[in-house]
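>>> structure for this input, please:
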Amino acid sequence: MTSLFVRRAGTLRRGRCPLVLLHGWSCHGGFFEPQMQALGEQTLVLAPDLPGHGRSAGRLAPTIEAGANALHDLLAEDGIENAAVVGWSMGALVAWSMIERHGAGRLSALVVEDMSPKVVNAPDWQFGSRSGLDGDRNAVFLKAIETQWPLLAAPTARRTFASGAPRNLLSFAEREMRAADPRSLAAMWRSLTAQDFRDLIPRLELPVVLARGAQSQLYDAGAAQWQCSQLARAHLHTFSASGHAPHLEEPGPFNAMLGEVIDPRRSPN
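Got it, this is the predicted structure:
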């Protein structure tokens with residue numbers, strides 16, 4: 001059995017691809033509740049808690065690679081062959097890692113939600129975190145996660161959304177993030193900032209939707225534009241009123257986009 005705790009909604013339906021939703025760092029599958037409700041009326045929707053997060057914390061190593069293997073196991077155990085996968089932030093790294101380790105044979109499409117294939121900036125890479133995160137700054141942030149996480153939860157929540165996000169959305173994100181285990185978060189952050197999928201991107205043959213928030217405080221347009229230039233089958237979809245989490249900030253338009261992705265007859269690719 002899969003080691004991941006998984007939220008489920010809906011059932012498999014003819015003519016619709018099942019949908020798998022992979023959350024971001026310091027969050028959990030419950031951050032996709034608007035998609036579970038809306039898309040669960042159209043298809044089977046799975047929203048696992050990734051390693052080190054939510055109810056999966058402590059079940060397996062808090063690494064991107066462990067998440068990739070567990071995701072592959074989940075798809076295999078459920079007999080899913082044509083999943084549309086949404087990778088939000090860290091979730092995109094898990095999806096890319098699964099493809100790198102196990103292939104894309106069980107996927108029909110990939111939605112990359114506001115993420116860069118390499119988070120840490122370097123002399124040869126300027127499209128990582130727009131905070132200017134580099135190796136030295138990352139070492140400082142890692143230590144802060146382990147020792148000061150309750151204080152970091154509020155600014156982390158604020159940076160997840162566009163400036164002026166609704167108070168209830170900020171309160172929800174801050175509360176859920178603060179409840180996460182700092183040691184697990186630090187381990188997963190160490191793993192995710194070690195990833196570099198730039199070589200993988202040009203090799204992807206499946207349809208990819210790059211869903212970016214125009215007001216993202218974490219990644220600028222260059223990260224999505226670079227990916228679009230490297231992919232064989234890419235569609236760039238910008239959410240003008242969103243920051244790093246369009247699925248929460250503009251759930252209606254985001255769900256409409258996903259409705260096209262899970263319907264092979266309407267897919268933009």
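
>>> residue 132: what secondary structure?
coil (DSSP: H, G, I helix; E, B strand; the rest coil).

>>> what about residue 205, which helix or strand?
Assigned by DSSP states H and E, residue 205 belongs to no helix or strand.

>>> quick check: chain neighbours aside, which residue is closest to it?
residue 232 (5.9 Å; Cβ to Cβ, 6 or more residues apart in numbering). Every C-beta, even on glycine, is put in place using the N, C-alpha and C of the backbone.

>>> for residue 88, same thing?
residue 113 (4.1 Å).

>>> quick one on the thing from earlier: the residue nearest to residue 205 contacts residue 207, correct?
No - here residue 232 lies out of contact with residue 207, judged by Cβ atoms under 8 Å, at a distance of 9.2 Å.

>>> and those two? which has more neighbours close in?
residue 207 (21 against 13; other Cβ atoms under 10 Å).

>>> how about the backbone phi and psi for the more buried one?
phi -60, psi 140 (degrees, to the nearest 10).

>>> so is the residue nearest to residue 205 in a helix, a strand, or just coil?
coil.

>>> tell me how far it lies from residue 202.
8 Å (Cβ to Cβ, to the nearest Å).

>>> try residue 134
25 Å.

>>> mind listing what the residue nearest to residue 205 touches?
By Cβ atoms under 8 Å, 6 or more residues apart in numbering, the contact list for residue 232 reads 202, 204, 205.

>>> neighbours around residue 121, how many?
20.

>>> once you drop chain neighbours, what's closest to it?
Residue 121 sits nearest to residue 128 (Cβ to Cβ, 6+ apart), 4.0 Å away.

>>> again, but for residue 39
Here the residue nearest residue 39, using Cβ to Cβ, 6+ apart, is residue 45, at 5.1 Å.

>>> quick check on that neighbour: phi, psi?
With angles defined as degrees, to the nearest 10, residue 45 sits at phi -120, psi 130.

>>> residue 37 is in contact with that one, correct?
No - shown here, residue 45 and residue 37 do not form a contact pair, counting by Cβ under 8 Å, at 9.1 Å.

>>> looking at those two, which has the bigger crowd around it?
residue 45 (26 against 14).

>>> for residue 135, give its distance to residue 155.
With Cβ to Cβ as the criterion, residue 135 and residue 155 are 21 Å apart.

>>> what of residue 54?
Residue 54 is 21 Å from residue 155, by Cβ to Cβ.

>>> over to residue 42?
Distance from residue 42 to residue 155, by Cβ to Cβ: 36 Å.

>>> follow-up on the earlier one: tell me which of residue 54 and residue 155 has more neighbours.
residue 54 (22 against 10).

>>> residues touching the residue positioned nearest the centre of the chain, list them.
Among the residues of the chain, the one closest to the centroid is residue 88, at 1.9 Å (Cα atoms, centre = their mean). Contacts of residue 88 were listed using Cβ under 8 Å, 6+ apart, and they are 21, 22, 23, 24, 31, 113, 114, 115, 245, 247.

>>> do that again at 10 Å, thanks
21-25, 27, 31-32, 95, 111-115, 211, 244-248 (Cβ atoms under 10 Å, 6 or more residues apart in numbering).

>>> residue 156 too?
Neighbours of residue 156 in contact, by Cβ under 10 Å, 6+ apart: 25, 26, 27, 145, 149, 173, 174, 177, 178, 180, 185.

>>> packing partners for the helix or strand hosting residue 227?
Applying DSSP H and E as the criterion places residue 227 in helix 221-230. In terms of contacts (3 or more Cβ pairs under 10 Å, 6 or more residues apart in numbering; DSSP states H and E), helix 221-230 is packed against strand 107-113, strand 208-213, strand 234-239.

>>> ok so residue 98 is a helix residue?
Yes - counting by three-state DSSP, residue 98 falls inside a helix.

>>> that one reaches residue 71, doesn't it?
Yes - counting by Cβ atoms under 10 Å, residue 98 touches residue 71, with 4.9 Å between them.

>>> list residues touching both of these two?
In contact with both residue 98 and residue 71: 22, 85, 87, 106, using Cβ under 10 Å, 6+ apart.

>>> tell me the SS of the closest residue in space to the last one that isn't next to it in sequence?
What sits nearest to residue 106 in space, not counting adjacent residues and going by Cβ to Cβ, 6+ apart, is residue 75, at 4.7 Å. Going by three-state DSSP, the secondary structure assigned to residue 75 is helix.
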